[in-house]
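*Asks:* just to be clear, the model below is a prediction. Sequence and coordinates:
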Amino acid sequence: MNDEQIEKLAIAVTNALNKSEIVGKRKIVDNSKKIKSLQKEIEKKKKLLQKIEKGEIKGLHMSKVTYGGVRVQGGKRGYRSNLEKLEDLKEKINKEISELDYMIFNLECEENDYLESLWSD
């Protein structure tokens, strides 16, 4: 049985128990695909951080560093060491990881609220 068939069966049972004909149809919340894709993205960013911390990326030979279309460093300061560039990049990646974790948390909360609403009826 797929989700729609299960939902129709649940509505029919609820109608029979309540002796009513109309029960509001709920939107099914399944965020598992979104959560998995965000988790994969977090893993990629963590691997990049590990490379930086292990010293596999020794230096960035650019006057400016852009990451994800956003300038991480550069600009009016004339000189920045490679270490400073890498620290800026690590800081930016850590911020993105925390934002993705928060997005996953929100999606999981939305899914849990949906499941709780099913049990409360």
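*Replies:* It's in.
*Asks:* now for the top helix by length along the chain, which elements pack on it?
*Replies:* Secondary structure of the chain per DSSP state H: the longest helix is helix 82-120. Contacts defined by 3 or more C-beta pairs under 8 Å, 6 or more residues apart in numbering; DSSP states H and E place helix 82-120 against helix 32-54, strand 65-67, strand 70-73. All C-beta atoms are positioned from the backbone trio N, CA, C, and that covers glycine.
*Asks:* show me what the longest one is packed up against.
*Replies:* When you say that, I think you mean helix 32-54. If contacts are counted by 3+ C-beta pairs under 8 Å, 6+ apart, helix 32-54 sits against helix 82-120.
*Asks:* could you check the angle helix 32-54 makes with the helix it packs on?
*Replies:* Orientation of helix 82-120 against helix 32-54 (axes from the mean of the first three to the mean of the last three C-alpha atoms, to 10 degrees) gives an angle of 160 degrees.
*Asks:* list the buried ones in helix 82-120?
*Replies:* 85-86, 88-89, 92-93, 96-97, 100, 104, 107, 111 (16 or more other C-beta atoms under 10 Å).
*Asks:* so where is this structure shaky, pLDDT-wise?
*Replies:* 1, 15-29, 58-81, 118, 120-121 (pLDDT under 70).
*Asks:* thought Leu89 was touching Ile52?
*Replies:* Yes. At 6.7 Å, Leu89 counts as touching Ile52 under the criterion of C-beta atoms under 8 Å.
*Asks:* on that earlier part again, now tabulate the helices and strands packed on helix 82-120 in a markdown table and tack on distance to Trp119 and mean neighbour count.
*Replies:* As requested, the helices and strands packed on helix 82-120 are arranged in a markdown table below (distance: least, C-beta to C-beta, whole Å; neighbours: other C-beta atoms under 10 Å):
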| stretch | distance to Trp119 | mean neighbour count |
| --- | --- | --- |
| helix 32-54 | 19 | 13 |
| strand 65-67 | 44 | 14 |
| strand 70-73 | 43 | 15 |
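*Asks:* thank you kindly, that will do.
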